[in-house]
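Asks: mind looking at a prediction? Sequence and model below.
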Amino acid sequence: MNTITGAETASPAHHRQLLDVLVCDHKSALLAYAEKLLSDRHTAQDIVQETLIRAWPHTERLYSTEGSVRGWLLTVARNLIVDRMRSACVRRESVGIDNRDVVLPDHCESVLVSVETTSLLRQLSHDHREVLVHTYLCGRTIKETARILRIPAGTVKSRQHYALNALRARVASGDPATTS
């Protein structure tokens with residue numbers, strides 16, 4: 001660590017020398033500290049830069065007093081990190097490694113499938129459509145569907161079989177799903 005004696009004058013060259021010593025002696029420690037707290041190197045570099053900018057006007061005083069220069073710098077860095085995290089929290093943003101653009105899923109495909117499925121179901125007879133609604137859309141078993149519709153389980157299986165075959169044939173033929 002470099003030391004500066006109080007006997008030197010407060011000339012611009014001396015002020016520049018103090019700043020160079022400050023950066024040389026403390027930049028690495030500040031960066032390691034900020035990176036540890038933030039888990040993001042780029043944001044940590046911004047914090048170190050802001051800390052050194054804030055220290056710049058106070059270099060004379062920092063080196064002329066008895067206090068720890070590094071302690072003062074680490075406190076400034078910690079305060080900047082806390083301020084940044086608080087302001088990001090208020091804006092509902094996250095600071096650090098999780099701060100990425102999130103791609104939201106496009107739901108238009110599911111809407112299109114829903115419209116096409118509804119259109120295809122409308123083309124089935126009432127009995128076939130009713131069985132598919134209970135077994136696929138409501139997630140009921142064959143027995144539950146038979147009990148609700150008050151028909152034999154074999155009839156539910158038969159209607160389900162013919163309904164699915166009709167839907168497969170319609171989709172395979174490429175006919176547009178239009179209502180009849």
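Replies: Right, received. Where do you want to start?
Asks: packing partners for the helix or strand of the chain with the lowest mean pLDDT?
Replies: Using mean pLDDT, DSSP states H and E, the weakest-scoring helix or strand in the chain turns out to be helix 59-64, at a mean of 73. Helix 59-64 sits against helix 12-38, helix 69-90, with contacts defined as 3 or more Cβ pairs under 8 Å, 6 or more residues apart in numbering; DSSP states H and E. C-beta here means a position set from N, CA and C on the backbone, and glycine is covered the same way.
Asks: got a markdown table for these, with distance to Thr118, mean pLDDT and mean neighbour count too?
Replies: Shown next, in a markdown table, are the helices and strands packed on helix 59-64 (distance: least, Cβ to Cβ, whole Å; pLDDT from 0 to 100; neighbours: other Cβ atoms under 10 Å):
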| stretch | distance to Thr118 | mean pLDDT | mean neighbour count |
| --- | --- | --- | --- |
| helix 12-38 | 50 | 83 | 16 |
| helix 69-90 | 43 | 84 | 15 |
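Asks: any idea which of those helices gets closest to Lys157?
Replies: helix 69-90 (56.8 Å; Cβ to Cβ).
Asks: just the C-alphas of the very next helix or strand once past the closest one, formatted as CSV.
Replies: Helices and strands here follow DSSP states H and E; after helix 69-90, the next one along the chain is helix 108-122. Only the C-alpha atoms of helix 108-122 are listed here, as CSV (Å, rounded to 0.1, in the frame of the first residue of the first chain):
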residue,chain,number,x,y,z
CYS,A,108,-51.8,-17.3,-29.6
GLU,A,109,-51.0,-20.9,-30.5
SER,A,110,-53.1,-22.3,-27.6
VAL,A,111,-55.9,-19.9,-28.5
LEU,A,112,-55.8,-21.2,-32.1
VAL,A,113,-55.8,-24.8,-31.0
SER,A,114,-58.7,-24.1,-28.7
VAL,A,115,-60.7,-22.5,-31.5
GLU,A,116,-60.0,-25.3,-33.9
THR,A,117,-60.8,-28.0,-31.3
THR,A,118,-64.1,-26.3,-30.5
SER,A,119,-65.0,-26.1,-34.2
LEU,A,120,-64.1,-29.8,-34.7
LEU,A,121,-66.2,-30.8,-31.6
ARG,A,122,-69.2,-28.9,-33.0
